[in-house]
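A.B. asks: Kindly generate the corresponding structure for this input.
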Amino acid sequence: MIKIKKTTKADTEVLALLGRQTWAESHGHYIEDKNELKKYLDENFSISKTNENINDPKQLFYIMYEENLPIGYAKIIVHATNEHVASQNSCRLERIFILNDFIPLKVGHQLLTYVEEQVKALQLDTLWLSVYIKNKRAIRFYEKNEFINVGELNFLVDGKKYKNIVFSKKLH
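C.D. replies: Here you go, the predicted model:
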């Protein structure tokens with residue numbers, strides 16, 4: 001049975017490991033220099049960085065469980081704006097990941113729907129995100145879930161630029 005819950009400080013270690021593993025699974029093969037990949041993972045998914053993020057009231061995390069096993073998570077940044085997104089009452093879906101072994105369960109839509117409900121409860125009207133242009137599976141997922149391509153931005157990994165599409169969705 002799937003359940004989703006908002007993270008607390010007690011979830012720091014689980015979230016750090018889940019974040020590191022899912023990011024490596026979904027993006028690691030795009031990073032040519034594996035030292036750059038390790039550096040990125042170490043900087044962004046350490047216990048201390050995760051703890052810092054959880055303690056930031058503008059960053060909200062939600063972990064998805066299958067039979068009490070953490071299988072994915074989402075992160076939103078409240079009131080994050082982007083030059084390509086018209087709304088000033090928006091938030092960024094910075095991360096939404098499912099462990100590769102659980103992707104066949106088709107639970108990504110369930111996690112996204114849950115996040116959209118949380119965003120609406122915060123009285124925000126737009127959800128936006130960026131996705132690497134070579135990540136075709138993710139692009140299809142967002143298009144299928146009614147996100148619209150509104151622009152581009154560069155995502156940096158150790159100073160190297162990776163072109164991303166900016167997707168936006170109005171929430172009613």
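A.B. asks: which residue ranges form the helices in the chain?
C.D. replies: All helices of the chain, identified by DSSP state H, fall at 12-27, 34-44, 47-55, 108-121, 136-144.
A.B. asks: just those helices: most buried one?
C.D. replies: Of all these, helix 12-27 has the most neighbours on average by mean count of other CB atoms under 10 Å, namely a mean of 18. Yep, even glycine has a C-beta here, placed from its N, CA and C like the rest.
A.B. asks: Report the rounded mean pLDDT for that helix.
C.D. replies: Mean per-residue pLDDT for helix 12-27: 97.
A.B. asks: Put the alpha carbons of that helix into PDB.
C.D. replies: Taking Å, rounded to 0.1, in the frame of the first residue of the first chain, the C-alpha atoms of helix 12-27 are listed here in PDB:
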ATOM      1  CA  THR A  12      16.900  13.300   7.500                       C
ATOM      2  CA  GLU A  13      19.100  10.200   7.000                       C
ATOM      3  CA  VAL A  14      16.400   8.400   4.900                       C
ATOM      4  CA  LEU A  15      15.800  11.500   2.700                       C
ATOM      5  CA  ALA A  16      19.600  12.100   2.200                       C
ATOM      6  CA  LEU A  17      20.100   8.500   1.000                       C
ATOM      7  CA  LEU A  18      16.900   8.400  -1.000                       C
ATOM      8  CA  GLY A  19      17.900  11.700  -2.700                       C
ATOM      9  CA  ARG A  20      21.400  10.600  -3.400                       C
ATOM     10  CA  GLN A  21      20.300   7.200  -4.900                       C
ATOM     11  CA  THR A  22      17.400   8.500  -7.000                       C
ATOM     12  CA  TRP A  23      19.400  11.400  -8.400                       C
ATOM     13  CA  ALA A  24      22.300   9.100  -9.300                       C
ATOM     14  CA  GLU A  25      19.900   6.600 -10.900                       C
ATOM     15  CA  SER A  26      18.100   9.300 -13.000                       C
ATOM     16  CA  HIS A  27      20.900  11.600 -13.900                       C
END
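A.B. asks: What distance separates the opening and closing residues of stretch 124-135?
C.D. replies: The first and last residues of stretch 124-135 sit 27 Å apart, counting by CA to CA, to the nearest Å.
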